[in-house]
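Student: quick one: sequence plus predicted model below, questions after.
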Amino acid sequence: MATSAFKSGKQQDNKSLSNEYRSNMNESGCRTRKANVATELDNKKLRKISCNNVNSHNAADFERKYKQLGLIGKGGFGSVYAGLRLADSLPVAIKYADSKRVQGELRMGCVPLEVVLMQKAGGGPEAVGKFAAVTLLDWYCLDQKLVLVMERPPFSLDLAQYIHFRGGRLQEDEARALMTQLVNAAIEMYNKGVFHRDLKLENTLVEIGPAGPRLRIIDFGCGSYELKKIFRHFHGTLQYAPPEWYKHKTYKPIPTTVWQLGVMLYCMLHDCQFDTRVFAMDWIQFSSNLSRECLGFLHLCLKEECKKRATLERLRTHAWLSGLNPASQGSAMLPPTSDT
């Protein structure tokens, strides 16, 4: 159920959204798609690279270059340890992944999909700190486990922890600043041909610095490079799966990404949990203390019909965000918006 202010904005937002869809069906938009989004053929070629062509894949090399410290995270994805790069004491995160998919990829001699996606989204070792996605520094095949060595932003914690330490929810102005970065990060990843598939608070680091909180995206273990595909197998956090998955057992990249951004914003602004199935039963309400623009933004993200949901471009130009300067990692061109 929505507040009256939220309901009053429906007609205007729907009209604006309809105009947005029509405006993106021109020839210029098609050219932008071809220019900015890596083709699926290019991505498939990346997957065929042999593990033997990568510089380092043995325990001795790993131990010579990195020092492993204490455990900092564990879950279905594997285990993550803090560490240091011995050459310059750069803080790193060392992830051990041994899922069935990873084991199959390593047996076939393919570069693991998570490696490919991280290289596309976060660049190589020379790009540390440059993009929204954390940078992959190195990777190894050790005892049928995939070992990823990534940059570890200093003075950082995940967004769920950050919200907890801020009292359980954020003020609207702070949530808006963070959502601006998240939308820009989603655009940046899409333009690089990456569908994260599991955007959530726990997969977002907050890097604390003098310029204010900066968000970094982590954990590409559920991701894909197929941007035009209709997906029929869900990978990610089921609690945040879009409604179309429960209704039709299918979902698409942009509508799913937008839904997950809406879930993240809801969690920033409300001191309670979100579940798509509970939301579909009208058991989740929006705070009446939010501005009309913020409610409208949430409404566009959390449309139950994916065809009526906002696009990433629509979110970026929404009145609730447009008053802020784009974050540095969101300077990429806008993606095409016809993926609904």
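Tutor: Received the coordinates, thanks.
Student: quick one, strands of the chain?
Tutor: With DSSP state E, the ranges of strands along the chain come out as 66-75, 78-85, 90-97, 136-142, 145-151, 156-158, 204-207, 214-217.
Student: quick one: mean pLDDT over the last one.
Tutor: Within the predicted structure, the mean pLDDT of strand 214-217 is 97.
Student: quick check: closest non-adjacent residue to residue 127.
Tutor: residue 135 (5.2 Å; CB to CB, 6 or more residues apart in numbering). C-beta coordinates here come from the backbone N, C-alpha and C atoms, glycine included.
Student: check contacts around that neighbour.
Tutor: 118, 122, 123, 124, 125, 127, 128, 129, 150, 151 (CB atoms under 8 Å, 6 or more residues apart in numbering).
Student: once you drop chain neighbours, what's closest to the first one?
Tutor: What it means is residue 118. Setting aside the residues directly before and after it, residue 118 is nearest to residue 136 in space (CB to CB, 6+ apart), at 4.0 Å.
Student: same thing with residue 81?
Tutor: The shortest distance from residue 81 to any residue other than its chain neighbours is 4.6 Å, reached at residue 94 (CB to CB, 6+ apart).
Student: so the one you found makes contact with residue 84?
Tutor: No - between residue 94 and residue 84 there is no contact under CB atoms under 8 Å: 9.8 Å.
Student: give me the number of residues near residue 191?
Tutor: As a burial measure, the neighbour count of residue 191 was computed by other CB atoms under 10 Å and equals 20.
Student: residues near residue 212, how many?
Tutor: The number of residues packed near residue 212 is 12, by other CB under 10 Å.
Student: can you pull the contacts of it?
Tutor: For residue 212, the residues meeting the contact criterion (CB under 8 Å, 6+ apart) are residue 177.
Student: ok so, going back, so the residue nearest to residue 118 sits against residue 128, correct?
Tutor: No - at 10.0 Å, residue 136 and residue 128 do not qualify as touching, with contact defined as CB under 8 Å.
Student: where's the residue nearest to residue 81 relative to residue 63, distance?
Tutor: In this structure, residue 94 and residue 63 are separated by 11 Å, where distance is defined by CB to CB, to the nearest Å.
Student: same question, residue 184
Tutor: Taking CB to CB as the measure, residue 184 and residue 63 are separated by 38 Å.
Student: those two: who's more crowded?
Tutor: Looking at residue 184 and residue 63 with other CB under 10 Å, you find the greater number of neighbours at residue 184, namely 24 against 11.
Student: quick one: the more buried one from residue 202, how far?
Tutor: According to CB to CB, residue 184 stands 20 Å off from residue 202.
Student: check residue 231 too.
Tutor: From residue 231 over to residue 202 the distance is 21 Å, taken as CB to CB.
Student: same check on residue 74?
Tutor: With distances defined as CB to CB, the gap from residue 74 to residue 202 amounts to 12 Å.
Student: more crowded one of those two?
Tutor: In terms of neighbours (other CB under 10 Å), residue 202 is the more surrounded of residue 74 and residue 202; the figures are 15 against 11.
Student: can I assume residue 242 is in contact with residue 259?
Tutor: Yes - judged on CB under 8 Å, residue 242 makes contact with residue 259 at a distance of 4.2 Å.
Student: please parse this structure into its domains.
Tutor: Following automatic domain parsing, one finds the domains of the chain at 4-36+155-330, 49-151.
Student: average pLDDT for the shortest one?
Tutor: What domain 49-151 shows for mean pLDDT is 85.
Student: that domain: how far from the chain's middle?
Tutor: Remark: domain 49-151 is offset 18 Å from the chain centroid, using CA atoms, centre = their mean, to the nearest Å.
Student: for the closest residue to residue 203 other than its chain neighbours, what are its contacts?
Tutor: Spatially, and ignoring its direct neighbours in sequence, residue 203 is nearest to residue 219 (4.6 Å; CB to CB, 6+ apart). Taking CB under 8 Å, 6+ apart, we find residue 219 in contact with 77, 198, 203.
Student: I'd guessed residue 185 sits against residue 217; true?
Tutor: Yes - the criterion here is CB under 8 Å, and residue 185 meets it with residue 217 at 5.5 Å.
Student: which neighbours do these two share?
Tutor: Both residue 185 and residue 217 are contacted by 132, 133, under the criterion CB under 8 Å, 6+ apart.
Student: as a quick check, tell me the outermost residue of the protein.
Tutor: Note on the chain: the largest C-alpha distance from the chain mean falls to residue 60, namely 33.4 Å (CA atoms, centre = their mean).
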